[in-house]
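**Q** Here is a sequence with its predicted model. Questions after.
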Amino acid sequence: MDQYILKALEGELLWYDERPPVVPNQSAFVLYTNTPVIDKLPSDVTKSMNTNKRMLQFLRKSWQPATARNEAEPDGKHRGFRHMINERMRREKQKQSYLALHSLLPNGTRSDKNWIVQMTAMNIQQLKRYKEELIKRNVELEALLVENEKERVKWSKIRLKVANPTSGIESMLEVLKCLQYLGLKARNVHSNFSPEEFSAELEIETKIGAAEIEEAVQETLNKAEMKLRFPFPGR
């Protein structure tokens, strides 16, 4: 047996393999093989689809509409967002109000909010005092005007007569119309009606002489009486 081994070592009978011995793989990676991956793809994805189409299909599945996202948001988060917006609107409105007040104040007024409020309050109090003074002055002027009017306007008596009147009532109406036309007021009227004479005594306010007024009213009364007696011209 030993002789046989020695002869084999001499090269006549020894046979060996030229390939290196196989070393076991110690790595977790697997060598890439050109094997089909159709079995590993999802059911709705085909091998012919490129990367862009697969990405679009993925986005369609993962995308949610705005309404769905809003419904999915918690109520607390939505309320907090609305509160933030309302607070911003309130502050902006308050800022505009302060700017409007500041524009009404004298030039050079500080833009500090507290100072604006203080100056506005002072101006309001001052305007109230001005208003009270103007009301008081207006009352005094009205009383003065009334006194001047009383002194300027005088009351005078005028007497009117018409012989053989056609109608005492018509004559009296013509007298009142004449006074109204002249813009005069009468406060006391005494009249007498009879077939022989119509007479009247009136107390009127006069801004001109009483004699001129009496003459004008008497002339109007005479013309009215003539029309009553002769209603048709030429008779």
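**A** Noted; the coordinates are in hand.

**Q** Please work out the average pLDDT along stretch 183-196.
**A** Averaging pLDDT along stretch 183-196 gives 76.

**Q** What residues of it count as buried?
**A** L184 (16 or more other C-beta atoms under 10 Å). Backbone N, C-alpha and C define where each C-beta goes, glycine included.

**Q** same question, stretch 204-216
**A** 204-206, 213-214, 216.

**Q** Strands of the protein, start to end?
**A** Counting by DSSP state E, one finds strands in the chain at the ranges 154-163, 186-193, 197-206.

**Q** Distance to S62 for the ones you listed - can I get that in a markdown table?
**A** Listed next are the strands of the chain as a markdown table, based on distance: least, C-beta to C-beta, whole Å:
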| stretch | distance to S62 |
| --- | --- |
| strand 154-163 | 103 |
| strand 186-193 | 100 |
| strand 197-206 | 99 |
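
**Q** how about the buried residues of stretch 204-216, which pair is most distant?
**A** Farthest pair in the buried residues of stretch 204-216 (C-beta to C-beta) is E205 and A216. Separation: 14.9 Å.

**Q** about what we covered before: of all the strands of the chain, which one is nearest K113?
**A** If we rank these by C-beta to C-beta, the stretch that ends up nearest is strand 197-206, at 62.2 Å.

**Q** Show me the strands paired with the closest one, marking each as parallel or antiparallel.
**A** When sheet partners are counted by DSSP bridges, strand 197-206 sits next to strand 154-163 (antiparallel), strand 186-193 (antiparallel).

**Q** Give me the residues contacting it.
**A** Applying C-beta atoms under 8 Å, 6 or more residues apart in numbering, the external contacts of strand 197-206 come out as 153-165, 168, 171-172, 175, 179, 184-192, 210, 213.

**Q** Which elements pack onto the helix ranked longest in the chain?
**A** Selection of the longest helix in the chain by residue count, based on DSSP state H, yields helix 113-152. If you count contacts as 3 or more C-beta pairs under 8 Å, 6 or more residues apart in numbering; DSSP states H and E, helix 113-152 packs onto helix 75-104.

**Q** buried ones in the helix it packs on?
**A** Buried residues in helix 75-104 (16+ other C-beta under 10 Å): 98, 101-102.

**Q** Now pLDDT and distance to H83 too, for those, in CSV please.
**A** Output for the buried residues of helix 75-104, formatted as CSV (pLDDT from 0 to 100; distance: C-beta to C-beta, whole Å):
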residue, pLDDT, distance to H83
Y98, 87, 23
L101, 85, 27
H102, 87, 29
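
**Q** need these in a markdown table with distance to L127, can you?
**A** Below are those laid out as a markdown table (distance: C-beta to C-beta, whole Å):
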| residue | distance to L127 |
| --- | --- |
| Y98 | 19 |
| L101 | 14 |
| H102 | 17 |
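
**Q** All good on my end, thank you.
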